[in-house]
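Colleague: Coordinates for the following, if possible.
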Amino acid sequence: MKQRIVTGLLFGVFFIGLLIVGGPLYSSLVLLMSIIGLFEYSRMNKLSWSNPIHIISIVALLAFVFPYEHYGMIWITDQTIIWLLMFILFAFTVLSKNKHTIDEVAVGFLGTVYIGIGFASMIDVRLLEENGLWWSILAFCVIWSSDIGAYFFGRAFGKHKLWPLISPNKTIEGAIGGVVSSVIVAVIFALFAPDLIEIWRAIVIGVVAAVAGQFGDLIQSAYKRVRGIKDMGNIMPGHGGIIDRTDSWIIVFPILVLTQLIPV
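Modeller: Residues are numbered from 1 along each chain as shown. Purely as a prediction, here's the structure:
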């Protein structure tokens, strides 16, 4: 537990520090995290690092996460990257005469889109010309408050299992506590900055972030249960890998952006 707390605090201070600084330093950190995350994902799915499918996925990931639009290259869109990645991977199965199968292609494609858009959304929010830091802090705070609320409500009141076949420790009471905590934090942000966010939007953000974040956690629990592993990696002692710590982030940020709850 001590190791977990120390590691969490060190990473948290470092991450929040670069989040506040923003710019290339924050973007570079998020880009590095996404690369490590894809390596963890590929290893979990038994795609070796030298596998051409993995290499193609890494290149596509860089295209996803690097903030081209902030440097005037608006023609490089997610739709373009997704289609090109799909075509190149399919073409590779043909050129390799099915040595690299459709199953490998599916794993590589899914992981690249899942991780790439997730981390890219974090950069997009932070690089907003107006109040990017404020919106980023709001998003992270509602995510973290949901996690904390779910943990403590679950410990105190948890009696009914939420999804025992996927994550046996999660409870319905904990899930509700996570939603309540997230909404409270979002409303506090609205009360302190009514010119930036209305109360109704804050409530919706709190609910969406809590529900989506818990699904992000369950998605990884389901994956790891199928693969028979406890953690995606060990880069953070006591916490596991990058994806273990960011599984809710890479689901919540894209949803908040795609729904325009955060005006990117």
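
Colleague: In stretch 249-264, which residues are buried?
Modeller: By neighbour count on 16 or more other CB atoms under 10 Å, the buried set for stretch 249-264 is 249-257, 261-262. For glycine as for every other residue, the C-beta is placed from the backbone atoms N, C-alpha and C.

Colleague: In strands only, show me those.
Modeller: Using DSSP state E, no member of the buried residues of stretch 249-264 sits in strands.

Colleague: Tell me which two of those sit farthest apart.
Modeller: Largest separation among the buried residues of stretch 249-264 by CB to CB: 250 and 261, giving 16.4 Å.

Colleague: And the helices in this protein?
Modeller: Ranges of helices in the chain, per DSSP state H, are 2-21, 23-44, 52-65, 78-95, 102-126, 132-157, 172-192, 199-227, 242-246, 249-258.

Colleague: Now render those helices as JSON lines, adding mean pLDDT and distance to residue 163.
Modeller: JSON lines is the format used below for those (pLDDT from 0 to 100; distance: least, CB to CB, whole Å):
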{"stretch": "helix 2-21", "mean pLDDT": "83", "distance to residue 163": "24"}
{"stretch": "helix 23-44", "mean pLDDT": "94", "distance to residue 163": "20"}
{"stretch": "helix 52-65", "mean pLDDT": "92", "distance to residue 163": "29"}
{"stretch": "helix 78-95", "mean pLDDT": "92", "distance to residue 163": "30"}
{"stretch": "helix 102-126", "mean pLDDT": "94", "distance to residue 163": "20"}
{"stretch": "helix 132-157", "mean pLDDT": "94", "distance to residue 163": "13"}
{"stretch": "helix 172-192", "mean pLDDT": "95", "distance to residue 163": "9"}
{"stretch": "helix 199-227", "mean pLDDT": "92", "distance to residue 163": "6"}
{"stretch": "helix 242-246", "mean pLDDT": "91", "distance to residue 163": "18"}
{"stretch": "helix 249-258", "mean pLDDT": "96", "distance to residue 163": "16"}
